[in-house]
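[1] I would like to see how this sequence folds:
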Amino acid sequence: MMMKVIKLVILLAITMALTISLTMKSFEYGTQDESPGVDQALFEEENAVPAKRVSRFLAEEKERNPRAADHCHKDNEICGILEGKNSTCCNNKCMDLENDNKNCGACKKKCKYAEICCNGECINPSYDKRHCGECNNKCGPGCYCIYGMCDYA
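    Numbers count the residues shown, from 1 in each chain. Presented below is the predicted three-dimensional model:
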């Protein structure tokens with residue numbers, strides 16, 4: 001009795017596998033050698049499901065984002081080629097250590113509030129005689145830098 005039940009379960013499993021495979025085969029398009037009949041072509045056209053869905057945004061070819069990181073992977077030579085001779089790889093991005101307020105003179109060295117990065121050094125342009133108001137704006141001899149202007153008065 002038990003042997004008959006096992007044979008019946010196996011026969012049922014084989015029948016279901018064949019049914020599923022034949023059903024799935026009817027949804028596939030014909031091969032190059034055979035073309036589908038008119039009825040089958042209409043059925044497939046109405047119920048066609050693409051094998052792989054591709055977003056229309058992925059299908060478009062876009063320009064590179066100018067704000068995207070360069071991903072230098074600690075390779076300063078790439079930064080020199082892409083950005084210029086003063087560029088260095090900091091935190092996997094090419095940075096100019098001479099003029100970047102968040103990487104001034106060294107990676108991750110931030111300038112304080114109201115300071116700017118001039119030649120890799122954090123300075124206060126409101127009171128620095130060598131960089132009065134902006135980088136490399138020197139005040140004349142005997143003049144003072146006050147509020148970013150030489151000889152404010």
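[2] Report all helices and strands that the lengthiest helix in the chain contacts.
    Using DSSP state H to define each element, the chain has its longest helix at helix 2-27. Helix 2-27 sits against helix 38-47, with contacts defined as 3 or more C-beta pairs under 8 Å, 6 or more residues apart in numbering; DSSP states H and E. Where C-beta positions appear, they are placed from N, C-alpha and C, glycine not excepted.
[3] domain assignment for this structure?
    The chain breaks down into these domains under automatic domain parsing: 69-110, 114-153.
[4] want to try a markdown table for those domains, with distance to Leu12 as columns?
    As requested, the domains of the chain are exported to a markdown table (distance: least, C-beta to C-beta, whole Å):
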| stretch | distance to Leu12 |
| --- | --- |
| domain 69-110 | 57 |
| domain 114-153 | 77 |
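[5] I'd like those as JSON lines, with mean pLDDT appended.
    Converted to JSON lines, the domains of the chain look like this (pLDDT from 0 to 100):
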{"stretch": "domain 69-110", "mean pLDDT": "78"}
{"stretch": "domain 114-153", "mean pLDDT": "88"}
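[6] Any chance of TSV for those, columns mean neighbour count and distance to Met24?
    Formatted as TSV, these follow (neighbours: other C-beta atoms under 10 Å; distance: least, C-beta to C-beta, whole Å):
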stretch	mean neighbour count	distance to Met24
domain 69-110	16	43
domain 114-153	15	65
